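J.: Sharing a model that was predicted from the sequence below.
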Amino acid sequence: MKDSKLLDEVIRYYLDSSSFNGLPIYKIENYDVNEMIELINDGFVEAISEVDVLNPHIKGFDLGLSKEQQIVNARNTDRHTCFYPTDRALEGVQIDYQKPYSVLLQRGKEQFEVIFFDIEILERYINNPKFIVMDNGYRGTICIKDEFYEEGSPNEYIKDYGMAYIEGEKLNRAIGVFAIDLAKLSPKIQMIWKGFELENQNNCKVSEGFIKNLLMGEWVTQYWIFHALLEEMGVINNLCEAMSIPKLFSHTYGTQYTDMPEGYRNILLPTMKNYYDFVLVLEKLVVHNISIKAFQKDSVLIKGIERKDEEGKDKGSIVMFKEWLLKNVKANFDVDEVIIKPIRQVRKIRQVPAHELTNNSYNVDVYEKQKELMIDIYGSVRAIRILFKGHPLTKDVKIPDYLEDGKDIVFY
């Protein structure tokens with residue numbers, strides 16, 4: 001039954017379509033249902049309908065449909081059904097080995113098969129100003145900037161990559177990309193990606209949020225700690241306005257990728273240089289961003305403090321902040337330990353590359369170091385917001401529920 005014009009039509013449609021689509025039943029002229037059933041029974045065609053999946057035009061997964069169900073699909077001409085060649089039908093098809101990921105689909109691989117790569121591949125794009133990497137923690141997108149886009153040229157575009165993890169005792173990252181996104185790259189770029197493909201694919205697991213959002217169509221209910229920190233800072237400034245004092249932070253930032261400070265994200269390649277570069281960003285975002293004006297104005301139940309110390313020298317912003325907190329706030333926790341210590345720690349780490357010659361090195365422990373630092377600094381900023389919210393003038397300031405609850409805030 002392999003010598004069939006109907007089978008040839010199914011195969012050609014699949015291979016010639018831009019996204020390896022199935023042949024819709026309504027596009028087949030002189031549709032012969034008996035011949036199609038024979039092809040299904042012989043294992044040459046798979047019939048997927050709108051009853052089986054939301055979008056039958058793509059074969060995203062191995063659905064494991066029984067032949068009985070497929071035959072029902074083939075018989076019902078009113079149903080939105082698409083036909084796919086099986087891997088058996090595609091065995092003799094000529095393939096282009098210069099496109100290793102196109103080959104997978106040419107051989108019948110499901111489009112949403114996730115392939116895992118060394119995290120280093122992202123450095124190719126992060127460090128190239130021609131590209132935009134829209135990083136949301138659990139997933140991201142890679143695309144070329146508009147000014148470098150060339151019509152008709154093989155421009156690099158990864159619609160979705162997922163943050164992934166390599167099994168082991170320590171946090172170790174990888175990324176996962178759908179086969180269909182890889183198949184759309186040019187031969188040259190596919191070969192570059194192939195060089196970063198991890199040998200043991202079974203040791204990797206893509207982020208749960210990536211699966212929920214893109215494969216199951218569900219909302220992700222977790223919040224990236226990087227976004228939560230920025231939102232806490234914005235709320236704190238709103239609380240300051242309500243208390244009639246200057247804003248604590250000179251600048252605040254949105255959570256859209258275009259609004260976030262450059263370099264404020266998960267460390268990708270775990271090197272000490274990348275770690276110190278991140279700490280520099282975090283120090284500018286939080287510590288250097290603290291405005292001493294907030295500590296100098298009197299308001300309701302608030303007493304400002306002097307800029308000069310007893311010797312007539314200017315106090316540092318961290319010193320002033322601690323003094324101001326101890327003077328104006330009654331906390332049920334150790335202010336120095338919870339709020340001041342993490343801020344000082346960021347400043348302390350920042351001083352290392354500023355005053356010492358350091359050697360770059362690859363160290364997977366960098367992932368945990370960044371995680372601990374982010375958790376500590378977020379805890380500090382959150383504690384500030386909780387204390388400020390206790391002021392009687394701030395009762396009408398709106399705070400996002402997830403910040404109030406403090407739940408589902410994660411480090412991907």
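T.: Received it, and whenever you're ready, just let me know what you need.
J.: Could you pull out the strands in the stretch 101-250 of the chain for me?
T.: 114-118, 131-135, 139-144, 157-166, 173-178, 204-206, 223-224 (DSSP state E, counting those that start in this stretch).
J.: Pairing partners for the longest one, with directions?
T.: As defined by DSSP bridges, the strand partners of strand 157-166 come to strand 139-144 (antiparallel), strand 173-178 (antiparallel), strand 204-206 (antiparallel).
J.: Which residues does the first one contact?
T.: In this structure, residues lying in contact with strand 139-144 by C-beta atoms under 8 Å, 6 or more residues apart in numbering are 122, 125, 130-134, 155-163, 207, 209-210, 213-214. For glycine as for every other residue, the C-beta is placed from the backbone atoms N, C-alpha and C.
J.: and what of stretch 209-219?
T.: By C-beta under 8 Å, 6+ apart, the surrounding residues in contact with stretch 209-219 are 54, 60, 112, 137-139, 160, 162-163, 176, 220, 222, 412.
J.: what's the answer for stretch 242-258, then?
T.: Counting by C-beta under 8 Å, 6+ apart, 132, 134-136, 227, 230-231, 233-234, 236-237, 240-241, 259-261, 285-286, 289-291, 293-294, 296-297, 299-300, 302, 384, 388, 391, 393-394, 396-397 sit against stretch 242-258.
J.: Check stretch 153-169 too.
T.: 114, 116, 122, 125, 131, 137-144, 149, 171-178, 181-182, 184-186, 188-189, 198, 203-207, 210-211, 214, 266, 412.
J.: picking up where we left off before, show me how to select, in ChimeraX, the buried members of the contacts of stretch 209-219.
T.: With 16 or more other C-beta atoms under 10 Å as the criterion, this ChimeraX line picks the buried residues out of those:
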select :60,112,137,138,139,160,162,163,176,220,222,412
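J.: which one of the contacts of stretch 209-219 sits closest to residue 9?
T.: Checking those against residue 9 by C-beta to C-beta gives residue 60 as the nearest, at 22.3 Å.
J.: Hmm, that closest one is touching residue 53, no?
T.: Yes. With contact defined as C-beta atoms under 8 Å, residue 60 counts as touching residue 53 (7.1 Å).
J.: how about low-confidence regions in this structure?
T.: For the chain, the stretches flagged by pLDDT under 70 are 1-3, 357.
J.: and if we set it to 80?
T.: The chain contains residues with pLDDT under 80 at 1-3, 152-155, 354-359.
J.: most distant residue from the middle of it?
T.: Residue farthest from the centre of the chain, counting by C-alpha atoms, centre = their mean, is residue 311 at 50.2 Å.
J.: Wasn't that residue part of a helix?
T.: No. Per DSSP: H, G, I helix; E, B strand; the rest coil, residue 311 lies outside any helix segment and is coil.
J.: measure it to residue 358 for me?
T.: Note on residue 311: its distance to residue 358, by C-beta to C-beta, to the nearest Å, is 34 Å.
J.: Repeat that for residue 331.
T.: The spacing between residue 331 and residue 358, counted by C-beta to C-beta, is 37 Å.
J.: Of these two, which one has the most company?
T.: Comparing residue 331 with residue 358 by neighbour count (other C-beta atoms under 10 Å), the higher total belongs to residue 331, at 14 against 11.
J.: excluding its backbone neighbours, what's nearest that one?
T.: residue 387 (6.0 Å; C-beta to C-beta, 6 or more residues apart in numbering).
J.: pretty sure that neighbour is touching residue 324, no?
T.: No. Judged on C-beta under 8 Å, residue 387 makes no contact with residue 324 at a distance of 11.1 Å.
J.: how about the longest helix along the chain: buried residues?
T.: Ranked by residue count, the top helix of the chain under DSSP state H comes out as helix 365-389. Neighbour-count burial for helix 365-389 flags 366-367, 369-371, 373-374, 377-378, 380-389 (criterion: 16+ other C-beta under 10 Å).
J.: ok, now stretch 54-70?
T.: For stretch 54-70, by 16+ other C-beta under 10 Å, it's 56, 57, 58, 59, 60, 65, 69, 70.
J.: Just name the closest of the residues you listed to residue 317, please.
T.: So of the buried residues of stretch 54-70, ranked by how close each gets to residue 317 (C-beta to C-beta), first place is residue 60, at 52.6 Å.
J.: Surely that closest one forms part of a strand?
T.: No. Counting by three-state DSSP, one finds residue 60 to be coil, located in no strand.
J.: Just want to check the distance between it and residue 179.
T.: 10 Å.
J.: list residues touching both of those two?
T.: Residues within reach of residue 60 and of residue 179 at once, by C-beta under 8 Å, 6+ apart, are 110, 111, 112.
J.: all helices in the stretch 101-250 of the chain, in order from the N-terminus.
T.: 123-126, 179-183, 187-194, 208-210, 225-242 (DSSP state H, counting those that start in this stretch).
J.: Minimum distance to residue 49: which of the ones you listed has it?
T.: The closest of the helices of the stretch 101-250 of the chain to residue 49 is helix 179-183. By C-beta to C-beta, the value is 20.5 Å.
J.: chain center to the closest one: distance?
T.: Relative to the centre of its chain, helix 179-183 is centred 18 Å away, using C-alpha atoms, centre = their mean, to the nearest Å.
J.: Wait, residue 170 touches residue 366, no?
T.: No. Using C-beta under 8 Å, residue 170 is not in contact with residue 366, being 10.3 Å away.
J.: Dig out what the residue most central in space within the chain forms beta bridges with.
T.: The chain has residue 139 as the residue nearest its centroid, 2.4 Å off, counting by C-alpha atoms, centre = their mean. Taking DSSP bridges as the rule, residue 139 bridges to residue 162.
J.: Now do the same contact list for the residue nearest to residue 331.
T.: 325, 329, 331.
J.: Give me the nearest residue to the second one, chain neighbours excluded.
T.: Meaning residue 329. Nearest to residue 329 is residue 387, by C-beta to C-beta, 6+ apart, at 5.1 Å.
J.: how close does that neighbour sit to residue 209?
T.: 31 Å.
J.: Buried residues of stretch 272-284, list them for me.
T.: Across stretch 272-284, burial judged by 16+ other C-beta under 10 Å covers 272, 274, 275, 276, 278, 279, 280, 281, 282, 283, 284.
J.: same deal with stretch 314-321?
T.: Buried, per 16+ other C-beta under 10 Å, within stretch 314-321: 315, 317, 319, 320, 321.
J.: Having no further points to raise, I will conclude here.
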